[in-house]
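In: sequence first, then the predicted structure, then my questions.
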Amino acid sequence: MTRASIDLNADLGEGFGRWRLTDDEQLLSVVTSANVACGFHAGDAVTMRRVCELAAARGVRIGAQVSYRDLAGFGRRSMDVPPGELAAEVAYQIGALEVFARAAGSRVSYVKPHGALYNRVVHDEEQAAAVVEGVLLAGERLPVLGLPGSTLHTVAEKERLPVVAEAFADRAYTAEGTLVPRSQEGAVLSDPATVVERSVSMARFGVVTSRCGRPVGVRARSLCLHGDTPGAVALAREVRGRLEHAGVRVEAFA
């Protein structure tokens, strides 16, 4: 019997200047992939450099977490950015992070949209195509991390980019397998025992219970652990420990 394996990713480097939102150093001791903010929804040059150095030292893969240009809204406001402009901004963010990844002795290994852009490209073909164009413009055929079955993945596969499916143990799912919008009550799960149980179920069986109580298939190669929730580090450690105890191999996909 093949042993199940899962990547653990987290959104990191989401500070700005003197403010830090996530405990990057501690989370990098748990996760296998780091989605690093590239300055458009959070992050700045100093933060990007620091997180890349920490990730490289720990052997954690570095991913570009690209976003709308929305520092004030933390990238959680959907925007009608013209496709050409969005593609250029995605490429710009990847290129900026690549500078610091290379300087740290690593590389940008994948791309993941953030916040409103992540949700928009689940269904919006025009913006999904712009994100893919931006990845190609950056010059490397980088894997695209996103929701399984999303338009983003469909468009990326047409352009022969590798796609990687991810799941969220601390987010509520609809019966259709999409994420419940954060604007709705109960969208984010806070009970640690529930999050841990869902993590193991997703990794071992590819199933999670939707908000309406029905099981939903969520076959994923990577599991996202949010770093900006209370107790994020302790929860991440608990999730990894329970996964390994259940016989799941925790390893990066890239």
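Out: Happy to help now that I have it.
In: would you map the strands across the chain?
Out: All strands of the chain, identified by DSSP state E, fall at 5-12, 33-37, 61-66, 108-113, 144-146, 163-168, 207-209, 215-217, 222-224, 249-250.
In: looking at those strands, which is nearest to L189?
Out: strand 163-168 (9.1 Å; C-beta to C-beta). Yep, even glycine has a C-beta here, placed from its N, CA and C like the rest.
In: now do the closest one: distance to the chain's middle.
Out: Distance, stretch centre to chain centre, for strand 163-168: 8 Å (C-alpha atoms, centre = their mean, to the nearest Å).
In: what angle sits between it and strand 108-113?
Out: Between strand 163-168 and strand 108-113, the angle comes out at 60 degrees (axes from the mean of the first three to the mean of the last three C-alpha atoms, to 10 degrees).
In: note down every partner strand of strand 163-168 and its orientation.
Out: strand 144-146 (parallel), strand 222-224 (parallel) (DSSP bridges).
In: so which bits of that strand are buried?
Out: Across strand 163-168, burial judged by 16 or more other C-beta atoms under 10 Å covers 163-168.
In: just give me the closest of the residues you listed to L97.
Out: Out of these, the member with the shortest distance to L97 (by C-beta to C-beta) is V164, at 17.5 Å.
In: verify the contact between that closest one and S109 for me.
Out: No. At 10.3 Å, V164 and S109 do not qualify as touching, with contact defined as C-beta atoms under 8 Å.
In: list residues touching both of the two?
Out: Shared contacts of V164 and S109 (C-beta atoms under 8 Å, 6 or more residues apart in numbering): 143, 254.
In: export the strands paired with strand 163-168 to a markdown table and append columns for mean neighbour count, distance to A236 and mean pLDDT.
Out: Below are the strands paired with strand 163-168 laid out as a markdown table (neighbours: other C-beta atoms under 10 Å; distance: least, C-beta to C-beta, whole Å; pLDDT from 0 to 100):
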| stretch | mean neighbour count | distance to A236 | mean pLDDT |
| --- | --- | --- | --- |
| strand 144-146 | 27 | 17 | 97 |
| strand 222-224 | 25 | 10 | 96 |
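In: E197 is nearest to which of those strands?
Out: strand 222-224 (12.9 Å).
In: that older thread, for the strands of the chain, give me a markdown table that also has distance to Q26.
Out: Shown next, in a markdown table, are the strands of the chain (distance: least, C-beta to C-beta, whole Å):
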| stretch | distance to Q26 |
| --- | --- |
| strand 5-12 | 10 |
| strand 33-37 | 12 |
| strand 61-66 | 17 |
| strand 108-113 | 21 |
| strand 144-146 | 22 |
| strand 163-168 | 20 |
| strand 207-209 | 26 |
| strand 215-217 | 31 |
| strand 222-224 | 17 |
| strand 249-250 | 16 |
